[in-house]
Each structure stands twice: as C-alpha cells, then as structure tokens.
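Trainee: Sequence and predicted structure below; questions after.
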Amino acid sequence: MGLFQYRNMRWFLLCSLVVLVSCGTVSKEKSQEANPEFVINEEKKPCPGVIEWIDFVMIDGILYFHNNDQAVPAENIGERIGEVSYMLNEHACADHVTANGDAAFLPIGTDIYELKGYKSHFRVVADHKMYQVSENPNAKTMGGLLDIEGKVKKVSLESGNDGSVIGDFPQEIATEFVNELLPLTYVGFDEVYQKAKHETGIFLRVHLQDGTSFRMVYYSKANAFSAGAFGTEKLGTLITSQRKQLKAAAGL
C-alpha cells in the first residue's frame, strides 16, 4: 500500500466514513525528472487491480485536493503559476512516486493558476476547478497553511453520520475559534495520526466569505486537528462546549 493511499485511508477512517480511496505514493524528495526511465517503464507495465485516484495536483511541493464542484469563474482566476506535467489516471500504478507537476486527472499541459483573493499556497485553480491545500511542508503554523484570516463567515458543527449541519457557533465564538486556530504550530497529518488514530472526530465546517467552505475534523482526546496541528486547552474547551450546546439545542 502506497503512502498516498495510506494517508487517505487514515483520513477517512478517522472521520468515520466508508469511502473507497486512491492508490499512490506522495514524496517530496523524488521527482520524475531525476529518473525519466521510471516514467517510461511505468507507462508500459500493466497495473494490478483497479486504481481509483483522488482528484489532486502537486506543485511547488504542495499537495492540493479538489475542494469545490462549482466551476471557478474566469474573473476569479489569477496569474499562471505552473502546469501539469504528468497525469496519473490510466498511466501510473500504485507504486508511483508523486512529484511536482503530477495530477490525478488533469491532462499534461493543463495550466495551474492563482485563485484571486487567496495565496497560492492555500488554493489554486486548474481547468476551472478549485484545489485546496492538503499538505504543505513549508507551512510553520495553521495560518501559514490556511489563508483564511479575516475571511471566515461562520463555523458550523456537522453530523458525523451524514454531514448535515447541526448548528452554527455564535459569531463571537467563531471569531475566537479562528484566532486560536491560526497560531497553532503546523506538524502535518502524520504526527496527528499517531495520537488520534483510534478516535472518532468532531466534524466542523469553516465557511468563508466568498461562499466556499471546507471541513476540519477535531479529535478531542488527542486535542488535534486533521489538518495537522495540536490545539490549546482553551481551543479544546471551546469546541467541546459548543458541540455539547449545539447538539442539545438540536435535540441530539
């Protein structure tokens, strides 16, 4: 089992979802350019089993996942920052070592752009689709991973069963949540997994002012976030108390 598949299996298992995840391997240290014969041989050999990739792209050492099904309007697309150099779907096997320029489904030559209003280390655009950061080895804090300061509209609690909204944090609590979240040290998902792998998470959704949103999973026992950080005591108390109040108000 490759690291890319392994990380995503852990992600969805921790979220208590039953999802068929992708096969593949992510590595920032190796590149196709360093070993072109690897790519040539890889394309010729038959792959055992069926591979279902998660829609991702990697550029500048940052791994992004497709975030939103709505097409990005042309007026929201910024400067070109790169292009796809290899498409894994129907070309790569599960032992492929992912490198800059790789994408699951985007054809070779697909341009990658900035998304206006966001730093490119957080979100990019390719084929009019928005991709949001999953892993960034250059990030030092959650604020360095997530470009959301001053852009959060609200924070919601979601059901772990069907993803439905249970309730919204009061505005002042949502602001406090973001203020506590962004300074946290970014350690990456692997380190969080070691502490939270046996936990069922609390599902949160962060809604941004442009109408988009993304999910975060919080593990109360480990006091950790799936995005790759450990929380403070204050932040842990804030989340668990709001969860209790919102579930009670919803009759759950």
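Mentor: Everything's here; your move. Numbering: from 1, shown residues only.
Trainee: the helices in the stretch 1-150 of the chain, which residues?
Mentor: Applying DSSP state H, counting those that start in this stretch to the stretch 1-150 of the chain gives helices spanning 3-14, 36-44, 142-145.
Trainee: So which bits of the last one are buried?
Mentor: Yep, that's helix 142-145 we're talking about. M142, G143, G144, L145 (16 or more other CB atoms under 10 Å). Where C-beta positions appear, they are placed from N, C-alpha and C, glycine not excepted.
Trainee: and the last one, what does it touch?
Mentor: Contact partners of L145, counting by CB atoms under 8 Å, 6 or more residues apart in numbering, are H121, F122, V133, N136, A139, Y186, A227, G228.
Trainee: just those residues now: which is nearest F177?
Mentor: A227 (13.3 Å; CB to CB).
Trainee: That closest one touches M216, doesn't it?
Mentor: Yes: contact between A227 and M216 holds when scored by CB atoms under 8 Å: they sit 5.8 Å apart.
Trainee: list the contacts for the closest residue to G143 other than its chain neighbours?
Mentor: Once flanking residues are discounted, G143 sits nearest to L182: 3.6 Å by CB to CB, 6 or more residues apart in numbering. Applying CB under 8 Å, 6+ apart to L182 gives the contacts T141, M142, G143, L146, I148, E149.
Trainee: Tell me how far L182 lies from F65.
Mentor: L182 sits 21 Å away from F65, taking CB to CB, to the nearest Å as the criterion.
Trainee: next one: K244
Mentor: K244 sits 31 Å away from F65, going by CB to CB.
Trainee: cool, and L235?
Mentor: Distance from L235 to F65, by CB to CB: 24 Å.
Trainee: Please say which of those two ends up with more neighbours.
Mentor: Legend: neighbour count by other CB atoms under 10 Å for L235 and F65, higher for L235 (20 against 17).
Trainee: Helix, strand, or coil at the nearest residue to that one once chain neighbours are set aside?
Mentor: Leaving out its chain neighbours, the residue that sits closest to L235 by CB to CB, 6+ apart is E180, at 4.3 Å. Under DSSP: H, G, I helix; E, B strand; the rest coil, E180 falls in the helix class.
Trainee: which residue packs closest to L63, ignoring adjacent ones?
Mentor: E135 is the one closest to L63 (CB to CB, 6+ apart), at 4.3 Å.
Trainee: I'd like to know how many residues surround that neighbour.
Mentor: By the measure other CB under 10 Å, the count of residues near E135 is 21.
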